[in-house]
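Enquirer: pasting the structure only:
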């Protein structure tokens, strides 16, 4: 399909006379353009489906992850020189004009990411006197130096002997022995925090020194010699200061801990980690936990050829994306999420090929449902039967409510939904059972809301917990409302009440797992429509007004990840992106705005920006991992969301049939 370069759906100037025939021809032309665009996008997406039936797109993170891959190789002294060179090329290419590295495309300087990127490049052989290194060092020092980096970065530096261990929080392995009623317990924090922390407890207790075979240091990144620095912790507030006082007490009594207790705690941490190693998909199926597990196993004396260590290392290598001249490491993979969303786009696009592909994908998903497997979520819901899906190929301890709700949605609107009735029933039962007390739904746990823990020294990233969010709750509401089981009504009503309470004063909703208010607002308006909430509802009208006000002159919508840093949408509009335009269109269409100028202009934007290959692209990062700390670019978002929006518009306007 050739690129569309003009406004294909724009209304022509009024004719001198009313002509039914010419009006019909114009509508036919517009419908043909829309059909051609949808067909091209659908066919392009079909080509990307795997032989197994799933879709899988790259999931790119900021430069923290590839930098940590190089750091891991030097910690273990297992250096793949050609790979290291390619990752270094990737890091150099992403250095920004400000001299450092941002957390997302066109983002501001981030100190922690810049420190890790600089260290990784120096480990890879870049001279400190090279122009790009001089620029990076000046930018880091101007902002306080490496001592001001976040906790995770400082732990890495401590492992490499670059700063004293008093510069990182006191997190002894004896945490593993604390009773569940204790104010701090692993079960009180999020899944990702548990998976990252347990091997880290071993590392921070044993305090190994990285092998660092090239003996590289980064003392030049400190404004004060690291051993003389006295201000590694600068958190304010009574609770934070109280936790810091406890941190100091813990360090004082650490030498008094009996060796037998330490050994017992270490064995428990080791057992916890090994039980959840998750084969070729790795601990927690997320890069930071996987790296920590490999380094912890090395510290515990597992030889390099130990089968479990080999498998754990391979799980990290599976995340690499290696090109001809550069390479990077993904934070995880997203096959279930990509597949479920691609199915929804295919179902809306219609046609025999698309529907056939959606059934193959649903069959693949059905085989991935987690039913009787052990999982950390069972601590709070011990009598609840399983029924969820993980985000990754395998992550049996940690099914994800968001993925599960989207899969249930897709299964319910399959051509033959009875084919998936048992899976759907198990999924809905599990979702309802995971509702939190406030009526909302979180990503992996229920009632994971011990907010005081965000004040502990370890939690300077502010993402220690997994509380309910509007976007996940909206997705569960969509699934429950679509199916409409009578036994789910009470849970559904509580969830809708929660969503109403979460609406921002300007009419939008915060999007925890997508960027950001456009994503959250789409999620909720889609849920409200499925739940039968009228387009005239006051909350819906406020959201529609907000979306209209955020539309750009080119017809699209855009939003920077800066909105997470400022906790509100930026006053200045951000350049339009295909995926955010699609979210806004899906929101407006759900709110009954199909005939509005806003929708028409948004459709024109998508038609105009479609590429010759039938897809769309944009370099911006689409979601946070942890807001203000870690961001992601889902490459699939420019493939299936615009198709979904265009196909929904066609369905609602009945411009033309699927071909």
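Expert: Thanks, I have it. What you are looking at is a predicted structure, and each value in this text was computed from that prediction instead of being measured.

Enquirer: Contacts only, for residue 645.
Expert: 581, 582, 583, 585, 586, 589, 602, 603, 606 (CB atoms under 8 Å, 6 or more residues apart in numbering). From N, CA and C alone the C-beta is placed, and that goes for glycine too.

Enquirer: give me the element the second one is part of.
Expert: Using DSSP states H and E, residue 582 sits within helix 578-590.

Enquirer: what's the answer for residue 267, then?
Expert: Short version, using DSSP H and E: residue 267 is in helix 259-275.

Enquirer: tell me what that helix is packed against?
Expert: helix 191-206, helix 287-299 (3 or more CB pairs under 8 Å, 6 or more residues apart in numbering; DSSP states H and E).

Enquirer: Can you lay out the contacts of residue 645 as TSV showing distance to residue 426?
Expert: Shown next, in TSV, are these (distance: CB to CB, whole Å):
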residue	distance to residue 426
581	36
582	31
583	29
585	33
586	28
589	31
602	37
603	38
606	36
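
Enquirer: Need the max-distance pair from those residues.
Expert: The distance between the two most remote of the contacts of residue 645 (CB to CB) is 13.7 Å, for 583 and 603.

Enquirer: thinking again about what came up before, show me which positions of the helix or strand following the helix holding residue 582 end up buried.
Expert: Going down the chain from helix 578-590, the next helix or strand is helix 597-609, by DSSP H and E. For helix 597-609, burial by neighbour count (16 or more other CB atoms under 10 Å) applies to 598, 599, 600, 601, 602, 603, 604, 605, 606, 607, 608, 609.

Enquirer: Spatially nearest residue to the first one (excluding sequence neighbours)?
Expert: To tie it back to what came earlier, the one meant is residue 598. Spatial nearest neighbour of residue 598, excluding adjacent residues (CB to CB, 6 or more residues apart in numbering): residue 548 at 5.1 Å.

Enquirer: before we move on, what about the fifth one?
Expert: With CB to CB, 6+ apart as the measure, residue 585 is the residue that lies nearest to residue 602, at 4.6 Å, once sequence neighbours are left out.

Enquirer: thinking the one you found is in contact with residue 652, fair?
Expert: No. Here residue 585 does not reach residue 652: they are 10.7 Å apart, not a contact under CB atoms under 8 Å.

Enquirer: neighbour count winner among the two?
Expert: Using other CB atoms under 10 Å, the more surrounded residue of residue 585 and residue 652 is residue 585, with 31 against 15.

Enquirer: Model confidence score at that one, please.
Expert: Note for residue 585: predicted pLDDT of 98.

Enquirer: what do you get for residue 626?
Expert: So, for residue 626, pLDDT stands at 84.

Enquirer: How about residue 392?
Expert: 97.

Enquirer: All further residue positions should be reported with the first residue as 6.
Expert: Right, with 6 as the first residue, what we last looked at is residue 397.

Enquirer: Neighbours of the nearest residue to residue 468 once chain neighbours are set aside, how many?
Expert: Among residues not flanking residue 468 along the chain, residue 631 sits closest, at 3.6 Å (CB to CB, 6+ apart). Using other CB under 10 Å, residue 631 has 15 neighbouring residues.

Enquirer: Specify the beta-bridge partners of residue 631.
Expert: Note on residue 631: beta-bridge partners by DSSP bridges are residue 635.

Enquirer: Residue 290 reaches residue 404, doesn't it?
Expert: No. Using CB under 8 Å, residue 290 makes no contact with residue 404, being 11.4 Å away.

Enquirer: Which neighbours do these two have in common?
Expert: Common neighbours of residue 290 and residue 404 (CB under 8 Å, 6+ apart) are residue 395.

Enquirer: so residue 307 sits in a strand?
Expert: No. Counting by DSSP: H, G, I helix; E, B strand; the rest coil, residue 307 is located in no strand; its state is coil.

Enquirer: you'd agree it is up against residue 313?
Expert: Yes. The criterion here is CB under 8 Å, and residue 307 meets it with residue 313 at 6.8 Å.

Enquirer: and these two? which has more neighbours close in?
Expert: residue 307 (18 against 15).

Enquirer: quick one, phi psi at the more buried one?
Expert: phi -70, psi 120 (degrees, to the nearest 10).

Enquirer: repeat for residue 453
Expert: Per degrees, to the nearest 10, the backbone of residue 453 is at phi -90, psi 70.

Enquirer: now the helices for the stretch 106-255 of the chain?
Expert: 116-128, 136-147, 156-164, 196-211, 243-258 (DSSP state H, counting those that start in this stretch).

Enquirer: what's near enough to touch the nearest residue to residue 112 once chain neighbours are set aside?
Expert: The shortest distance from residue 112 to any residue other than its chain neighbours is 6.4 Å, reached at residue 566 (CB to CB, 6+ apart). Taking CB under 8 Å, 6+ apart, we find residue 566 in contact with 108, 109, 112, 520, 521, 626, 629, 636.

Enquirer: Next, count neighbours for the fourth one.
Expert: Neighbouring residues of residue 520 were enumerated by other CB under 10 Å; the total is 31.

Enquirer: could you measure residue 449 against residue 358, distance?
Expert: 35 Å (CB to CB, to the nearest Å).
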